[in-house]
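Participant: Sequence and predicted model, in that order:
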Amino acid sequence: MAANERNGSEGNISVESFAHHQVIRQPNPLKRAVKRIAENADDPVARAEKALAGLSNEFEDWMRKECDRLAAAHRLIVETGLNATTQDELFRAAHDIKGDGATFGYPMAAAAADSLCRIMEHAPDFAKVPQDLIEHHVNAIQAIVREHKKLGVASVAGELSKKLRGVADEYLTAVNQDRPEHLELILSPSLVPGE
Amino acid sequence: MFGIDFNKLRFLICDDNAHMRRILRTLLHSFGAREAYESEDGATALEMYIHYVPDIMILDWSLPIFDGLELAQMIRQPEGNGNPYTPIIMLTGHSDKRRVMMARDAGVTEFLAKPISAKALYQRIVNVVVSPRPFIKTKSYFGPDRRRNTINAYIGPERRGGDGNAEVIQQQALIAKAKTSA
């Protein structure tokens, strides 16, 4: 059923047809959730940040579990070999740390995990990636998390993750010389809309 | 002054990471939401999307069975079983140009890169509730207007080409595929 036929059955959707596309508009179905509030109303973002802070005593334990998962995934590759399943699990574990690390208060672990993810995403053949490079990333992430509370560790962790990223990018640039689309991605900044 | 009554919104969260689901649930409940359903894989999310008819979906990209991108493509089927206009917020650790473009072209409404913040999530929800974009249907795309700027002088690749009235290319039902391979 074409969109304009749907319009006929539902009555509320308007469809503008052009030569190559249709523009479909409907009354905002979520309008019911828009409400008038007082100027001095409670700030929902502040309330959510407070709730998140309330969870923060669990973050250390969560981060340790994420690290254990990463180490186990790497160990499985070392012990049983690389295949699609073991590679996928290592990537998922690293990717979760990349995504969660900063929220949990471990931004440098997240940065190192990001570097590992980039290697796995952009290396033409992951089996040919020097295993030292992978191992250094896994060990660094574990060390950053383990030593997190020690005084002055933040700057060391920052240097470590920066160094790893430099080595990873150097490797990726070298192995992607004949893959310009990957080179562009490796060298381009994030396009995510700003907050 | 206007705000959002989260109590009137039903959310569906899909993330395979239990910690991230807990964080999302905490944030949504703090905003005032009462109904926030959760799934940890794409197939379950699709079933829950049809069953619960959520107002807003928050999807991770990397998911077991089928991923957030495939899920978004399945939802954006005009003749599908659920509401194809459901706003989709993709919350993901992927943030490179290619992924953002892929998400946009799959019909994702808003893109939110991890690490998550309360402010960024709230803003994306406000966007989809207060300022929904019209939907565009072409031969190969059905989803929110990818041209966020309303100026007429669009400069960029022409994606709306086709012959006459738009036809949507039906996708293989991946859920059926997933069930047979399970």
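Facilitator: In hand now; what should we look at? Predicted model, so just to flag it, every value in this text is computed and none were measured. Residues are numbered from 1 along each chain as shown, chains lettered A, B, ... in the order given.
Participant: what ranges do the helices span in the chain?
Facilitator: This is for chain A. A:3-10, A:44-55, A:59-80, A:84-100, A:107-122, A:131-146, A:153-175, A:180-187 (DSSP state H).
Participant: was after chain B, sorry
Facilitator: B:18-31, B:42-52, B:68-75, B:97-105, B:118-130, B:174-181.
Participant: if we can go back for a sec, for the helices of chain A, state which one has the densest average packing.
Facilitator: With neighbours taken as mean count of other C-beta atoms under 10 Å in any protein chain shown, the helices of chain A reach their highest mean count in helix A:107-122, at a mean of 24. Every C-beta, even on glycine, is put in place using the N, C-alpha and C of the backbone.
Participant: Look up the residues forming beta bridges with the most centrally placed residue in chain B.
Facilitator: Geometric centre of chain B, nearest residue: B:Ile88, 2.0 Å, by C-alpha atoms, centre = their mean. Under the criterion DSSP bridges, B:Ile88 forms beta bridges with B:Met57.
Participant: Model confidence at A:Val156, what's the number?
Facilitator: As predicted, A:Val156 sits at a pLDDT of 89.
Participant: Give the ranges of residues in the chain that sit below the confidence cut-off.
Facilitator: Since you didn't name a chain, this refers to chain A. A:1-11, A:189-195 (pLDDT under 70).
Participant: wrong one, chain B
Facilitator: Using pLDDT under 70, the flagged stretches of chain B are B:149-182.
Participant: if I look at the closest residue to B:Lys119 other than its chain neighbours, how far off is A:Ala38?
Facilitator: For B:Lys119, ignoring the flanking residues on the chain, the nearest one in space by C-beta to C-beta, 6 or more residues apart in numbering or on different chains is A:Val45 at 5.1 Å. Using C-beta to C-beta, to the nearest Å, we find A:Val45 at a distance of 16 Å from A:Ala38.
Participant: picking up where we left off before, out of the helices of chain B, deepest packed?
Facilitator: Highest mean neighbour count among the helices of chain B (mean count of other C-beta under 10 Å): helix B:68-75, a mean of 24.
Participant: what angle do that helix and helix B:42-52 make?
Facilitator: On the basis of axes from the mean of the first three to the mean of the last three C-alpha atoms, to 10 degrees, helix B:68-75 is oriented at 40 degrees to helix B:42-52.
Participant: Kindly calculate the angle that helix B:68-75 makes with helix B:97-105.
Facilitator: 20 degrees.
Participant: From the chain's centroid, how far away is helix B:68-75?
Facilitator: 8 Å (C-alpha atoms, centre = their mean, to the nearest Å).
Participant: so what does that helix touch, helix or strand wise?
Facilitator: helix B:42-52, strand B:56-59, strand B:88-92, helix B:97-105, helix B:174-181 (3 or more C-beta pairs under 8 Å, 6 or more residues apart in numbering or on different chains; DSSP states H and E).
Participant: at 10 Å instead, please
Facilitator: helix B:42-52, strand B:56-59, strand B:88-92, helix B:97-105, strand B:142-144, helix B:174-181 (3 or more C-beta pairs under 10 Å, 6 or more residues apart in numbering or on different chains; DSSP states H and E).
Participant: okay if I get these as JSON lines plus distance to A:Asp178?
Facilitator: Output for the helices and strands packed on helix B:68-75, formatted as JSON lines (distance: least, C-beta to C-beta, whole Å):
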{"stretch": "helix B:42-52", "distance to A:Asp178": "34"}
{"stretch": "strand B:56-59", "distance to A:Asp178": "34"}
{"stretch": "strand B:88-92", "distance to A:Asp178": "29"}
{"stretch": "helix B:97-105", "distance to A:Asp178": "18"}
{"stretch": "strand B:142-144", "distance to A:Asp178": "35"}
{"stretch": "helix B:174-181", "distance to A:Asp178": "33"}
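Participant: among the ones you listed, which is nearest B:Phe31?
Facilitator: B:Phe31 sits nearest to strand B:56-59 of all the helices and strands packed on helix B:68-75, at 11.3 Å, using C-beta to C-beta.
Participant: thought the residue nearest to B:Lys119 was touching B:Ser30?
Facilitator: Yes. Between A:Val45 and B:Ser30 there is a contact under C-beta atoms under 10 Å: 8.8 Å.
Participant: what do the two both touch?
Facilitator: Each of B:118, B:122 lies in contact with both A:Val45 and B:Ser30 under the rule C-beta atoms under 10 Å, 6 or more residues apart in numbering or on different chains.
Participant: before we move on, the earlier item: minimum distance to A:Ala94: which of the helices and strands packed on helix B:68-75 has it?
Facilitator: strand B:88-92 (14.0 Å).
Participant: the inter-axis angle of that closest one versus helix B:68-75?
Facilitator: 170 degrees.
Participant: orientation of strand B:88-92 relative to helix B:18-31 in degrees?
Facilitator: Using the same axes, to 10 degrees, strand B:88-92 lies at 130 degrees relative to helix B:18-31.
Participant: For strand B:88-92, list the C-alpha coordinates in CSV.
Facilitator: Below are the C-alpha coordinates for strand B:88-92, written out as CSV (Å, rounded to 0.1, in the frame of the first residue of the first chain):
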residue,chain,number,x,y,z
ILE,B,88,14.8,5.6,17.1
ILE,B,89,17.8,7.0,19.1
MET,B,90,20.9,5.1,18.4
LEU,B,91,23.2,5.0,21.4
THR,B,92,26.6,3.5,20.4
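Participant: Could you list every helix and strand that it packs against?
Facilitator: helix A:84-100, strand B:10-14, strand B:56-59, helix B:68-75, helix B:97-105, strand B:110-113, helix B:118-130.
Participant: No further questions, thank you.
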